[in-house]
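Trainee: next input, structure requested:
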Amino acid sequence: MKPSEIILNASDYVSEERLWELLMDVATYGATEKGGVNRQALSPEDTAAKNHVVRWATERGFQSFHDEIGNLFIRREGNDPTLDPVMTGSHLDSQPTGGRFDGAFGVLAGLEALEALNDAKIQTKRSIEVVAWTNEEGSRFSPGAMGSSVFSGIKTLPSVMDLTDPAGVLLSEALKATLSEVLATRCSLGRVKPHSYVEAHIEQGPILEEGEIPIGVVSGIQGIRHIDINVTGEEAHAGTTPRRSRTDALVGGINIVNALHKLTFDDKDILRFTIGRFEVHPGSPNTVPGQVHFTIDLRHPDKKVLSSIGDEMHTVAKNAGGECRVEVLDIGFITPTEFGIKMINIIAKAADHLNYKNVTMPSGAGHDAMHLSNICPTGMIFVPCLGGVSHNEAESASSQDLAIGTRVLVDAITYLANE
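Mentor: All right, here's what the predicted structure looks like:
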């Protein structure tokens, strides 16, 4: 069977209803009252969702594996198991008040692709593996995209074991519990090297919906720099300590935030500056704060801009802190990612074959694909989401758009698996 025939045949068997049912089933793990999910990495809810996927795979005769960092793989064997597999997937963990589609769509679209291939009775030369990467969000254990970074060799396993969540739980302990409870077979991190990787995802922005375009062919991912700032003052009694005698860490922190907002102003609105966590200690209503901790998420498609602005933050923060002691810590630097033209063309041609309007576009959000691009040809498929809303319980996408993205996905990975 020629690749063109395989492409036209595989997508015919994608079921919109079956995919939606699977998405709604997985959304019950960590479901919130407002219709979203709280399924943070290595939590019981995250483990339960992974086991749902394992049970799904077992019922259909697919193999299930998970490695030392908890990445879960579902494998559909190819004609030549010695060849490097094609991978697709995303993540199942969520933000504390996350949506039902961020990450989960990429994993479950991969499973629907495997089922469509079975229904079409198409056997590929290469094996295809669907992967659920561990801790993409980084909401519980920072930084995110952890499972894919360890798998890709960007980080080592020991380097993340001592990380703690806001409650003081060690990642190593949470990981140990997950590994003992997930029903898949254990495998080593170096078990396979991907031939290629394609990740399907909701856009998490408004461009596709506004343009009434069902498919975004992702050209690359902007870079991310994570910085932590600790401000130390002196705790004092709120009623008895005059302002002239205070070293208020909160005031120092606010001054730093204002200075950094001024530093990062961009009239083109390309630079992204976010403070997602701001903690004040001791947190007593009648005590002058002695410590403040906050995080910075800085993003831009140009590595030079990330470097220069991030470096300047060190000086600006320390100068704005007044009499407080200011500690600026670089937590992570992910360089901008550019996907290869071959993968971009394969995805675009798959969409064209199905007569789906598509546009080539960058990703403003980070994804596991940025780490996979270091070890294999990588691409991404975007589908619209309602109002561009994501990292929010109101996050939504239509079953039709999700099925369209899955049809493009199955055609692209089938083509790659027959190279």
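Trainee: without its sequence neighbours, what residue ends up closest to residue 348?
Mentor: residue 217 (4.8 Å; CB to CB, 6 or more residues apart in numbering). Bear in mind the C-beta positions are built from the backbone N, C-alpha and C, glycine included.
Trainee: now the stretch 101-250 of the chain, which segments are flagged as low pLDDT?
Mentor: Applying pLDDT under 70 to the stretch 101-250 of the chain flags no residue at all.
Trainee: strands of that one, residue ranges please.
Mentor: Assigned by DSSP state E, counting those that start in this stretch, the strands in the stretch 101-250 of the chain fall at 128-133, 185-186, 196-202, 215-221, 223-232, 236-237.
Trainee: give the buried residues for the first one.
Mentor: Within strand 128-133, the residues scored as buried using 16 or more other CB atoms under 10 Å are 128, 129, 130, 131, 132, 133.
Trainee: okay, angle between it and strand 196-202 too, please.
Mentor: 60 degrees (axes from the mean of the first three to the mean of the last three CA atoms, to 10 degrees).
Trainee: domain ranges for this structure?
Mentor: What automatic domain parsing lists as the domains of the chain is 3-222+336-417, 223-334.
Trainee: need the winner for burial among the ones you listed.
Mentor: Most buried of the domains of the chain, by mean neighbour count (mean count of other CB atoms under 10 Å): domain 3-222+336-417, with a mean of 21.
Trainee: what about that one, distance to the chain center?
Mentor: Its chain's average C-alpha position is 9 Å from that of domain 3-222+336-417, according to CA atoms, centre = their mean, to the nearest Å.
Trainee: could you do stretch 221-230 as well?
Mentor: On CA atoms, centre = their mean, the centre of stretch 221-230 falls 15 Å from that of its chain.
Trainee: what residues are up against the residue nearest to residue 348?
Mentor: Each residue near residue 217 by CB atoms under 8 Å, 6 or more residues apart in numbering is listed here: 344, 347, 348, 351, 358, 359, 360, 361, 379, 380, 381, 382.
Trainee: mind listing which of these are in helices?
Mentor: 344, 347, 348, 351 (DSSP state H).
Trainee: would you turn those into TSV with pLDDT and distance to residue 192?
Mentor: Formatted as TSV, these follow (pLDDT from 0 to 100; distance: CB to CB, whole Å):
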residue	pLDDT	distance to residue 192
344	98	24
347	97	22
348	97	27
351	97	28
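Trainee: between the residues you listed, which is nearest residue 201?
Mentor: Nearest to residue 201 among these: residue 347, at 12.4 Å, using CB to CB.
Trainee: fine, thanks again, bye for now.
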